[in-house]
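> let's see this in three dimensions:
(one chain, ligands or ions: 4)
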Amino acid sequence: MNQALVIRGGTVVNADREQTADLLCVDGRIVALGADAAAQAPAGAQTLDASGQYILPGGIDPHTHMQLPFMGTVTADDFFTGTAAGLAGGTTSIIDFVIPDPQEPPMAAYRKWRGWAEKSAADYGFHVAITWWSEQVHADMGQLVQEEGVNSFKHFMAYKNAIMCDDETLVNSFQRALELGAMPTVHAENGELVYRLQQDVAKKGITGPEGHPLARPPLVEAEAAQRAIAIAEVLGVPIYVVHVSCQEAADAIARARARGQRVYGEVLAGHLLIDDSVYRDPDFARAAAHVMSPPFRPKAHQEALWRGLQSGQLQTTATDHCVFCAAQKAMGQKNFAHIPNGTGGVEERMAVIWDAGVNSGRLTPSEFVAITSANAARLFNIYPRKGFIGAGADADLVLWDPEGTKTISAKTQHSKGDFNIFEGRSVRGIAAHTVSQGRVVYANGELRAEPGRGRYIARPAFGANFQALQKRARHLAPAAVAR
Ligand code: URP
Ligand code: ZN
Ligand code: ZN
Ligand code: ZN
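Ligands and ions are numbered 1, 2, ... in the order given. So this is what the prediction gives:
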């Protein structure tokens with residue numbers, strides 16, 4: 001049993017409002033919020049003073065890759081070190097990815113990932129990637145949704161000759177997701193074009209990391225986003241586009257939303273703050289450390305992404321935390337196409353977005369909550385258990401010090417990576433305490449993460465989106481002509 005925890009004097013921020021209120025948490029849940037919450041605390045309850053601080057729902061990072069076998073190697077953070085790093089930055093839940101090899105049954109891959117994730121320090125769930133198609137995959141999708149609490153499926157439209165899924169698989173899987181009440185998601189890049197451009201760029205003698213963005217220009221992303229959105233529209237399925245990195249893809253989402261389509265977009269902290277000049281760093285290791293897909297873009301795209309979040313056309317923020325160390329990145333020393341793709345950020349996401357988003361006036365604290373937890377919780381159907389501060393919700397909280405500062409560095413990060421894409425950036429607004437399941441797991445620089453404390457969070461199917469979509473489909477259903 002958890003000890004009771006009282007949090008006094010803070011400003012509680014939800015996606016819809018801010019209020020000054022005390023909180024009482026017992027056995028991992030919030031049980032009371034308001035002026036008399038502290039008075040209801042049992043004797044011996046731990047008390048935290050949050051005066052001058054915001055109390056935010058713990059961050060949800062809906063896109064991470066802990067312990068991922070990818071491009072011939074395995075990411076440096078496992079489920080313990082990665083989730084622990086998240087806790088140090090105020091992120092209390094992740095949604096990671098099960099990525100079956102082509103021909104591997106999704107259920108078998110899922111079981112493997114569930115085993116790997118048992119050492120998580122924070123709560124977690126899984127999107128499951130559909131990398132090939134067969135009757136077995138069709139059946140496994142059903143089992144995943146109906147028995148295992150998976151309500152989203154991922155489709156990689158890039159990574160040809162590996163995990164890329166073609167249009168036939170997209171169509172089959174989107175249709176199956178619709179009947180199961182699960183959200184299809186896509187990594188939108190045209191894998192055929194990437195494959196061709198990688199070879200063309202290398203033939204021009206450009207074999208270093210500066211070739212990476214040349215092989216993955218914005219239109220490569222926009223085409224795939226547009227295609228996936230169109231397929232989803234025809235089938236009447238909602239769709240969630242992960243790591244939207246460019247204006248053109250954000251525009252495709254905004255256009256579809258303007259047509260009334262249920263389309264959602266995720267933005268990575270890195271894409272909001274880092275531009276493509278990093279790939280021209282004369283130091284191979286530093287340039288390669290930034291190789292991730294889609295690549296960092298010219299600065300103008302960052303503004304488009306911020307505007308997308310501000311306007312509500314883009315709904316969530318994530319990191320795609322997928323850490324490879326210098327020795328792993330060196331696999332692509334002779335050819336950028338072999339540099340393992342991925343960067344970190346699970347610990348930094350909340351602080352860098354607060355600093356650049358809230359301190360600059362782009363976002364209110366409530367809007368910050370929406371894009372760092374509440375919207376992800378809604379879209380993946382774990383709201384209001386997660387992403388919300390109120391009686392009955394999980395006691396996953398951050399005491400956020402808006403005046404606290406730190407300078408980000410790989411030397412002080414909790415991730416096992418040897419690089420930080422936000423190196424040297426000073427931020428104002430940091431997690432002072434992180435509470436997970438009612439326990440203080442991070443306190444002013446001291447991390448108390450424990451392996452195995454995180455729980456698998458089953459996510460029910462048929463979120464609110466699907467009820468509306470089913471009604472809409474019935475409303476618009478065509479009828480045969482009676483002759
Ligand atoms: O470069 C990236 N993003 N690596 C992780 C896999 C993916 O595409 O999300
Ligand atoms: Zn079917
Ligand atoms: Zn991706
Ligand atoms: Zn990813």
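> what sits against the residue in the chain positioned nearest to ligand 1?
As assessed by C-beta to the nearest ligand atom, ligand 1 sits closest to N341 within the chain, at 3.1 Å. In this view, the C-beta of every residue, glycine as well, is placed from N, C-alpha and C. N341 makes contact with F70, M71, V291, M292, S293, C322 under the criterion C-beta atoms under 8 Å, 6 or more residues apart in numbering.
> now distance to ligand 1 and secondary structure too, for those, in CSV please.
CSV is the format used below for the contacts of N341 (distance: C-beta to the nearest ligand atom, whole Å; DSSP: H, G, I helix; E, B strand; the rest coil):
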residue, distance to ligand 1, secondary structure
F70, 6, strand
M71, 8, coil
V291, 7, coil
M292, 4, coil
S293, 4, coil
C322, 4, coil
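> pick out the most distant pair among those residues.
The largest separation in those, counting by C-beta to C-beta, is between F70 and V291 at 12.3 Å.
> buried ones in the helix or strand of the chain with the lowest mean pLDDT?
For the chain, scoring each helix and strand by mean pLDDT, DSSP states H and E identifies helix 464-475 as the least confident one, at a mean of 92. Using 16 or more other C-beta atoms under 10 Å as the test for burial, helix 464-475 gives N465, F466, L469.
> tell me the SS of the nearest residue to A318 once chain neighbours are set aside?
Spatial nearest neighbour of A318, chain neighbours left out: H63 (3.5 Å); criterion: C-beta to C-beta, 6 or more residues apart in numbering. In the three-state summary, H63 is assigned as strand, counting by DSSP: H, G, I helix; E, B strand; the rest coil.
> next one: F419
Assigned by three-state DSSP, the conformation of F419 is coil.
> just to revisit the earlier point, among the buried residues of helix 464-475, which ones lie close to ligand 1?
Contacts with ligand 1 are made by none of these, judged by C-beta under 6 Å from any ligand atom.
> need the contact partners of the least confident helix or strand of the chain.
The contact list for helix 464-475 (C-beta under 8 Å, 6+ apart) reads L178, G181, M183, G236, V237, P238, R262, R378, L379, N381.
> can you do 10 Å?
Applying C-beta atoms under 10 Å, 6 or more residues apart in numbering, the contact partners of helix 464-475 are 151, 177-178, 180-183, 235-238, 240, 260, 262, 264, 378-379, 381, 383, 462.
> can I get that helix in PDB? Just the C-alpha atoms.
The C-alpha trace of helix 464-475 is given here as PDB (Å, rounded to 0.1, in the frame of the first residue of the first chain):
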ATOM      1  CA  ALA A 464     -15.200   8.600 -28.500                       C
ATOM      2  CA  ASN A 465     -13.900   9.100 -32.100                       C
ATOM      3  CA  PHE A 466     -15.300   5.700 -33.100                       C
ATOM      4  CA  GLN A 467     -18.800   6.300 -31.800                       C
ATOM      5  CA  ALA A 468     -19.000   9.400 -33.900                       C
ATOM      6  CA  LEU A 469     -17.500   7.700 -36.900                       C
ATOM      7  CA  GLN A 470     -20.000   4.800 -36.700                       C
ATOM      8  CA  LYS A 471     -23.000   7.300 -36.500                       C
ATOM      9  CA  ARG A 472     -21.500   9.200 -39.400                       C
ATOM     10  CA  ALA A 473     -21.100   6.100 -41.500                       C
ATOM     11  CA  ARG A 474     -24.700   5.100 -40.800                       C
ATOM     12  CA  HIS A 475     -25.900   8.600 -41.600                       C
END
